[in-house]
Every structure is written in C-alpha cells, then in structure tokens.
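In: Sharing a sequence plus its predicted fold:
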Amino acid sequence: MSTSTERGRAGAAPPGAGPAGPARRKPDSARRTAWRRRTPYLFLIPALLLELFVHFGPMLAGVVMSVLKLTQYQLARWWEAPWAGLDNYQVMLDVDQPTGASLLHSFLVTTGFTVIVVAVSWGLGVAGAISLQRMRAGRGTLRTLFLVPYALPVFAAVITWRFLLQRDNGMLNHVLSDQLGLLDGNAFYLIGGNSFWSLCVVTIWREWPFAFLMIMAALQSIPDDVYEASGMDGAGPWRQLRSITLPMIAPVNQVLILVLALRTFRDFETPYVLFGGSAPDAARLISVEIYQNSFQTFNFGLGSAMSVLLLVFLMLLTGVYLTATRRRA
Amino acid sequence: MRRSWRAPLGVLTAGLVLLAGTACGGDDAAEGKVLTYWASQQSPSVQRDKEILTPELAKFTARTGITVRLEVIPFTELLNKILTATTSGQGPDVLNIGNTWSASLQATGALMPWDEAKLGTLGGAARFEPAALQTTGAQGKAPAAVPLYNKVYQLYYNKKLFTAAGLTKPPATWDEFVTTAKKLTRDTTGDGKPDQWGLSLRGQAATVALHYAYILGSAQGAEYFPGGKPAFDSPPAVAGIRQYLGWMGSDKVVNPSDAENADWADVYEAFAGGKAGMMLVQTLGRTLADYKLSPDDYGVAPMPASTVAGGKDVGSFVGGTNVAVFASTRNETGAIDLVKFLTSAPEQVTLNTAYGTIPAVRDATGPAFESPEMKIARQTIATRAVPMPRVPQETQFETLIGKNVVAWLADTATGKQPTDAQISAALQAAAGKVSAGG
C-alpha cells in the first residue's frame, strides 16, 4: 500500500518542473534507491504468500484437526466436527493407557534409531569424503558409485533389501549360515528384535551418501596450502583431520547433522516398505504410529494431535540445537 | 518514471497467474456424459483388470452414450484414496469398496444410500445372495453399497503331497486338519530340519491375520460387538487366536519363516513349489494357473468345521467387493445405471468368470460356476459364511486386532508363543482403543 502512494507522489512531481537544484534532487534519488532496494521484495510477495499458504496451511489445518473429535462420522463434513479441546492430547500423553504407551514406545524407538542413523551416516560420510579427497585415479567412479543409494527410488531400493533380509531365501542368511557357517539356525531380520537393526542398516545405507555429498562439497573449500603449511610443521594426517579439516567443515556439519536428524526422525517410507505395511514393535517409528492412528483406525483428530506433538518436538530440538551450536561457534 | 511502474506490473502479473491457477480447478468433463469409475484391483495386475473391464464398459457406453473413465486401484491404496475423496468431496461417481468397509464408510456419509426404490432399479434385494447383502452397511440401515464380487475362505490342498503322505481325503474338522498337517510336515532332504510343511500362511499381513482370528474365533462361538459394544477378549476369541498361533507354535506344521510373508504370492509359491501341502485362502479362480498348476494338481475343500462345545458352523466370513455410488456425484442417474449394468446377470457372469469370484446375484449362472471350487464356494457363502461385524468401528477392529495377531505370530516364530493371558490383555486394550476412537 505504502509503495503505491509513494509511486503516486513520485509520479505527481512533473519531471524537470519546480526549483531544480541539488537540494531537491537528492531526496528524489534517495527515494529511488530505497524503491530499488524494495523492488526484489515486492517480486517475492506472491511467492511468499503462496509459500506461506502451501507450507503453513496444512500445518494450521493439522493443529485445528488436533482439537477436534474427528473420526469417520464427521469425515465428509469435517468442518462440523465437534470440539474436543485437549482431549486428544490427554489420550495420547497418558502413558498408562494403550494409546499413550504405544506412542511413547514408538517415540523411544525413533529416538534411538535417529541417534544411530545420524551418527553412523555422518561418520561414513566423513570417512568416504576424506578418503576420496586424497585419491587421484578412479575418484569420479567411486563418487558416482557412493551416490547410487541416494539416487535410487526408495521403493525399489528398500524392496531389494527386503529380499536380502528374508529368512529362508534371503542372501544374508545364505551367506552367514550356509556359506560361512557363522550362524546356526536361520535368524530373522524382518520380525522381532533384529528388525530394528535391519531398519537402521537400510536407512544408513540410504542416508550416508547425502552426508558424503555435503562433506565432499565442504572439503573443496579448504585451501590446499593450509595442509601444505601444516605438513611442513610436521602435522600428520590424523592431526590435520582434527585441527584443520573438522574445524573448517564445522559450519556444514552443523546444518548437515540437523537436516539428517530431522529427516531420519520422521522417516516413513523405509519402515513402511521394508516391513510390508505392518512394522514390528521393535521398529515401529513414530510416523508409522501416526499413520496407523489416523488412516487405519480412522481417528484423524488423534493422528493430528500426534503430528502436532511431533512438530513441536522437532521445532524445540532444532531451536535448542541451533542455540547450542551457535554459542560454541 | 519507466522504472517506477515495472515492479507493480510484475506484482500484478504474478497475481493474475496465481488467480488463473486457482481458476483451473474446475471440472472439465461434460456434465452427464462422463462417469469416473474407481475399480478395485481384482486380478493379479492392474493391467489385466483394465483388459477385463474396458471391453465391458464399452458395451455400457454403446448402450447409454455415457463414457466411463476407468481407474483401477490396488486395495492397499483404495481406502486412503476414498478417505481423501470423502474429505474433499471431489471423488469418482462410482467406486468399488472392500465389502468389510461398508459400515465404516457408510458412517462418513460419503456413499449414496440404496433405498428400496433404488435397489428396485437393480431388480430388488431378493436378486442378491442374502449373505452378501449383509455386507452392505450397518444393520437396519439402507445399504451403502451393493455386492459385486464375492469370495470365501476355502481349503486348497496339493494332491501330489497328499498321495505321498498316504492321505486320501481333505480334513473335515480342525482336529483332523492338524493331524493331516502333521503328516505333511516332513524333512525331504535329510538334513534333520523339515522343508515341507503342512500349511503356508501369509503371516505379516494384518488384514489376513484378522480374517483367521475372526473365522476361528467365530467358529468357537465368539461375539465381537455384543450389543454394539466392543468386547474382543472373550474366551472363544482368545481360543481362536491361540488355535491360529498354535499351527506354527505348538503344532509345528507351519514354517516359522512364514511370519515374514507379506504377500499371497509367497504362499502360492510355497504351495505350488511343493513346500506346503495346504493353504487356507479366499476363492482363487485362475490365480494358480500363474504358478503353473492345473486344476488337476490341487484339490479344493470346504474350510474344516469346529467341533468344540458352544462352537458355531462358521467356515468363512463373507469376503468380496461391493460397488457404491459416491454421494457427491453430479450424475446420480448415470451412476445408478452403471451399477445396474455391473450387477446385471450377463455382466456378473462375464466379470465373475474372469476374476474367479462368486457372483453376487443368484441369477448369474453358467459353466464357469460348476467347477468343484465354485460349487463349494457358493455352498459356503449360502450356509457357512458370516459377515464381518456390521458396525462403523469395523475398520478399527480389523486394524487393531490384525496388528496384534501379526506381532504374536512373529513372537511365535521366534519361539515365544504368547499365553492366553497376554492375548487377553492386549485384546482388552484394543477394545479400549476402539471405544476411545469411536
């Protein structure tokens, strides 16, 4: 609004008319610079509005749904669903009741899963990127090879893992017990306690190329002479890694670990495809739990409340993480 | 001056583009001339379903001048798609639904009710198989859908393995079933471990686990919604689940690896490959031909009968697919016409023959329904089949119990078959969830 009045005023002053002088021209050009500075933002407004709508619209809808008693009865006319207040939140946070207990269980599983996946993916990413950095021949080939898991469609990749991990016909059991004789009696990998580790391995396999890619890009920005100088001062590779490489890629690490953690925490496709829709207890991630509560038992209010809780938790986690790492930096 | 109006013009253009974008959401189909039909995937592939349905729908177009836009949707995605369509009000005109969802979807109000007059245009309720009509919604309400294809659980047995084990006839009771299965469980390679099993199961599918729990529980005399209230932990319900888990656990007639089976294909492969002597599955039709089995290779028998005191003669639930009209359709007459076409006797013969399912109407007869498999299926649906609970919480019931049974079978596979007390406690918790959600 203010821009249009400004434009009106600028247009109202006839060019060249009035007491033309340096005193008059100066505010005019200042105004013009201010206008020019603002122009990009003006261009951004439609996109911004759309972005807000696309991004925050569903979130807001989720928050609204979470305070409604929304089940199949109200689905066709969901805007008329009765007010539930904080009932959904109460049901879900009451860990003595089945719903709350099951949510808490999946929350703990997801937390453990995230810590393991992020730590290992990051470690592999750093190791891979650094070893490739020193390499001359075959670097491009290896880099492409490492990125394959990241480029494959989730379904195709995970279903292949499913075949590998099957008890009777899976390759893993075939190698471990039939060929190497390491295991006696075939173990299960897709049900029971092992399913958690299967899920971790498959997710790490999918996620570490991303860490690798980011760290590799960060390594490019470290100038070679720093290594040369430190080499002349007698620093070995291990010392160089700790004192040069890691500190210099710290800003990338900060973002990378956050992005990895957020993605892993709300991973849905991997457990869904790996376990054929019904994840075993040991590997039931929170997003699967939410899916089951809203889409399979038709309790959308409760499902939304869980999503909101997940959102709040991840936002808090992000906030705390960013504050903590910034202070250190 | 020139520079000063460039920016607002940009904003204006962007705004117009935005507006145009939202305006495009309208319906481009000519009203009344085009119907959208969501067909459920009934054959092993979406492509084959299209090949079966397209020529039939062309007949409908020739007769009525209405074009049908066909979309074949796998059952795993169908419910989610229907729920999305229900919420947005933007859905198909006619759609197939799993018949066990009828009461739940009826409660959403998304499906057009079939009152007397509308059912009359299809030839009246009397044309339909009575058991199938019980799967069309809650008791005492106008049906939310009409039956289209039906299936029941049957016992399929591998004749070669039966002969090799000296068995002459399929088991008639559940006790005989276990004895038979034990004779079929053998070590054929001599490594001390059985590699041929009495029975194969699709252990990791919650829907199927629920089917077994419901059929076996009902045969023991269980009621799951007495007086409309959820009560899942009755002794016969627990006994039914124990019986199912016992096949793998205490009886040891099922390969523990079956707890990982997520698809029917896993079971068919074991059966066709001689790794399992029997399987309990819904009417298969021609499915086994894909596994290089001819009807001479396998036999079909009714589901074994319960002999426990207080039990009921239940062999299956009434499985199948119903067809419904979406309440928000703009062409109700055309939609009803399409349902009328699909449930007409000639189409019922053609489609049920192609899919190997039981016709939903009694006047559909033909040589395809004279096979032993079909005769047993029609007999079962007429006398020994019960509908799934006819309450709106049915989907919750299916999901919650199914999920538990899958987990218990996984425990059983790893040597920890749950006790009755554990089963009972979890079933009670599940009932609590259903009441909380409903």
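Out: Good, I have the coordinates.
In: Mind jotting down where the strands sit in the stretch 251-400 of chain B?
Out: In the stretch 251-400 of chain B, the strands defined using DSSP state E, counting those that start in this stretch lie at B:276-282, B:298-301, B:316-317, B:319-325, B:358-359, B:385-386.
In: Report the distance from stretch B:353-363 to the chain centre.
Out: Using CA atoms, centre = their mean, to the nearest Å, the mean C-alpha position of stretch B:353-363 is found 15 Å from that of the whole chain.
In: and if you look at stretch A:248-262?
Out: Here stretch A:248-262 shows a centroid-to-chain-centroid distance of 11 Å under the convention CA atoms, centre = their mean.
In: swap in stretch B:130-138?
Out: 14 Å.
In: Setting aside sequence neighbours, what's the nearest residue to the closest residue to chain A within the stretch 151-300 of chain B?
Out: Nearest to chain A in the stretch 151-300 of chain B, going by CB to the nearest CB, is B:Ala262, at a distance of 3.0 Å. From N, CA and C alone the C-beta is placed, and that goes for glycine too. Closest residue to B:Ala262 apart from its sequence neighbours, by CB to CB, 6 or more residues apart in numbering or on different chains: A:Gly276 at 3.0 Å.
In: Flag every buried residue along stretch B:241-252.
Out: B:Ile241, B:Arg242, B:Gln243, B:Tyr244, B:Leu245, B:Gly246, B:Trp247, B:Met248, B:Gly249, B:Asp251, B:Lys252 (16 or more other CB atoms under 10 Å in any protein chain shown).
In: Which residues does it contact?
Out: B:174, B:178, B:181-182, B:185, B:194, B:198-199, B:201, B:203, B:209, B:212-213, B:216-217, B:220, B:253-256, B:258-259, B:405, B:408-409, B:412-413, B:417-418, B:420, B:423, B:427 (CB atoms under 8 Å, 6 or more residues apart in numbering or on different chains).
In: try 7 Å this time
Out: B:174, B:178, B:181-182, B:185, B:199, B:212-213, B:216-217, B:253-254, B:256, B:405, B:408-409, B:412-413, B:417, B:420, B:423 (CB atoms under 7 Å, 6 or more residues apart in numbering or on different chains).
In: Likewise for stretch B:89-100?
Out: Contacts of stretch B:89-100 (CB under 7 Å, 6+ apart): B:35-40, B:75, B:82, B:85, B:105, B:135, B:145, B:147-148, B:318-326, B:328-329, B:331, B:335, B:338-339, B:388, B:394, B:398.
In: Straight-line length of that stretch, end to end?
Out: Length of stretch B:89-100, first residue to last, CA to CA, to the nearest Å: 22 Å.
In: quick one: buried residues of that stretch?
Out: By neighbour count on 16+ other CB under 10 Å, the buried set for stretch B:89-100 is B:Gly91, B:Pro92, B:Asp93, B:Val94, B:Leu95, B:Asn96, B:Ile97, B:Gly98, B:Asn99, B:Thr100.
In: Could you do stretch A:28-37 as well?
Out: A:Trp35.
In: Any idea how far it is from the middle of the chain?
Out: Distance, stretch centre to chain centre, for stretch A:28-37: 41 Å (CA atoms, centre = their mean).
In: doesn't B:Pro418 fall inside a strand?
Out: No. Under DSSP: H, G, I helix; E, B strand; the rest coil, B:Pro418 sits outside any strand and is assigned coil.
In: Now for the nearest residue to B:Asp420 once chain neighbours are set aside: which residues touch it?
Out: Across the structure, with CB to CB, 6+ apart as the measure, the residue nearest B:Asp420 apart from its sequence neighbours is B:Val238 (5.3 Å). For B:Val238, the contacting residues are B:Asp420, B:Ile423, B:Ser424, B:Leu427, by CB under 7 Å, 6+ apart.
In: try 10 Å
Out: B:213, B:217, B:220, B:222, B:232, B:419-424, B:426-427 (CB atoms under 10 Å, 6 or more residues apart in numbering or on different chains).
In: For it, pull up the helix or strand it's in.
Out: helix B:235-248 (DSSP states H and E).
In: That helix vs strand B:276-282, what angle?
Out: 140 degrees (axes from the mean of the first three to the mean of the last three CA atoms, to 10 degrees).
In: where's B:Ser371 relative to B:Arg286, distance?
Out: The gap separating B:Ser371 from B:Arg286 is 10 Å, by CB to CB, to the nearest Å.
In: Contacts only, for residue 210.
Out: In the absence of a named chain, this looks at chain A. Residues in contact with A:Phe210 (CB under 10 Å, 6+ apart) are A:Ser121, A:Gly125, A:Leu147, A:Pro149, A:Tyr150, A:Leu256, A:Val259, A:Leu260, A:Arg263.
In: ah, no, chain B please
Out: B:Leu210 makes contacts with B:100, B:317, B:388, B:397-406, as judged by CB under 10 Å, 6+ apart.
In: pLDDT and distance to A:Gly193 added to those residues, as CSV?
Out: Conversion of these to CSV gives the following (pLDDT from 0 to 100; distance: CB to CB, whole Å):
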residue, pLDDT, distance to A:Gly193
B:Thr100, 90, 33
B:Phe317, 94, 33
B:Met388, 93, 33
B:Phe397, 90, 28
B:Glu398, 87, 27
B:Thr399, 84, 24
B:Leu400, 86, 23
B:Ile401, 93, 23
B:Gly402, 92, 22
B:Lys403, 88, 18
B:Asn404, 92, 18
B:Val405, 95, 19
B:Val406, 93, 16
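In: if we can go back for a sec, go back to the contacts of stretch B:89-100 and keep what's next to chain A.
Out: Among the contacts of stretch B:89-100, the ones lying near chain A by CB under 10 Å from any CB of the partner chain are B:Ile82, B:Ala85, B:Leu105, B:Ser328, B:Glu394, B:Glu398.
In: and the stretch 151-300 of chain B, which of its residues are near chain A?
Out: Taking CB under 10 Å from any CB, the part of the stretch 151-300 of chain B that reaches chain A is made up of B:193, B:195, B:202-207, B:209, B:255-263, B:266, B:269-270, B:275.
In: Return the members of the residues you listed classed as buried.
Out: Of these, these count as buried by 16+ other CB under 10 Å: B:202-207, B:209, B:255-262, B:266, B:269-270, B:275.
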